[in-house]
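A.B. asks: Have a look at this fold, sequence not included:
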């Protein structure tokens, strides 16, 4: 079984992935952030490094999905391959930070890759306002994120909402991060777990 968590920068994907993996004893696959060779350069010069960064993420997530589908375990994944293609790459293109030539090349590769894989069995989307995202980004203190602009987060949020409104390739659970604090309040985490339990009853076969 493949469970995936989607959401904007700072929405809490990595934290929730770890907490759910611990609770359900699922195997966690995290986004490659600390060892990503392009992130620092990207935030310093988005125009120069946008294509390199997106290709790196595309390759990394495709490899993750291939491993997940080969595994006999239930895996929870921090961020999906679809977010790169429908949110981050087109946002960079529309902002003039990725050329049309590079974007078309990227999207052709994405289409080939996704024709060879299955979507997650359940997608959990963490919805958060820009002020909440900023609060959580600042609290974790990653140096390379200190230069993220508010307009960049806002445009990403708009693209996330557009993508989720038309998402229909698997089961979907939307969690409003502005209204809960699952990392600090056990009752909020329990609320999310109860909702996941309700969704996955239809995913796992009866014994």
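C.D. replies: Looks like it arrived, so ask away. Computed from a predicted model, the values in this text were never measured in an experiment.
A.B. asks: for the protein, what spans make up the helices?
C.D. replies: Along the chain, the stretches classed as helices by DSSP state H are 13-24, 39-44, 46-70, 81-83, 89-94, 100-114, 130-140, 150-165, 186-200.
A.B. asks: residues making contact with the shortest one?
C.D. replies: For helix 81-83, the surrounding residues in contact (Cβ atoms under 8 Å, 6 or more residues apart in numbering) are 6, 58, 61-62, 65, 110, 113-114, 117, 119, 160, 163. All C-beta spots, glycine's among them, are computed from the backbone N, C-alpha and C.
A.B. asks: With distance to residue 16 added, can I get those in a markdown table?
C.D. replies: As requested, those are exported to a markdown table (distance: Cβ to Cβ, whole Å):
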| residue | distance to residue 16 |
| --- | --- |
| 6 | 11 |
| 58 | 23 |
| 61 | 18 |
| 62 | 23 |
| 65 | 19 |
| 110 | 25 |
| 113 | 26 |
| 114 | 24 |
| 117 | 23 |
| 119 | 19 |
| 160 | 16 |
| 163 | 19 |
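A.B. asks: OK, contacts around the residue most central in space within the chain?
C.D. replies: Note on the chain: the residue nearest the mean C-alpha position is residue 79, at 2.4 Å, using Cα atoms, centre = their mean. Residue 79 is in contact with 4-7, 13, 31, 61, counting by Cβ under 8 Å, 6+ apart.
A.B. asks: what residue ranges in this protein score low on pLDDT?
C.D. replies: Judged by pLDDT under 70, the chain has its weakly predicted residues at 32-34, 141, 143-147, 202-207.
A.B. asks: so which two of the contacts of residue 79 are the farthest from each other?
C.D. replies: Spanning the widest gap among the contacts of residue 79 are 7 and 61, at 14.8 Å by Cβ to Cβ.
A.B. asks: List the contacts of residue 16.
C.D. replies: 5, 124, 126, 182-183, 192 are the contacts of residue 16 under Cβ under 8 Å, 6+ apart.
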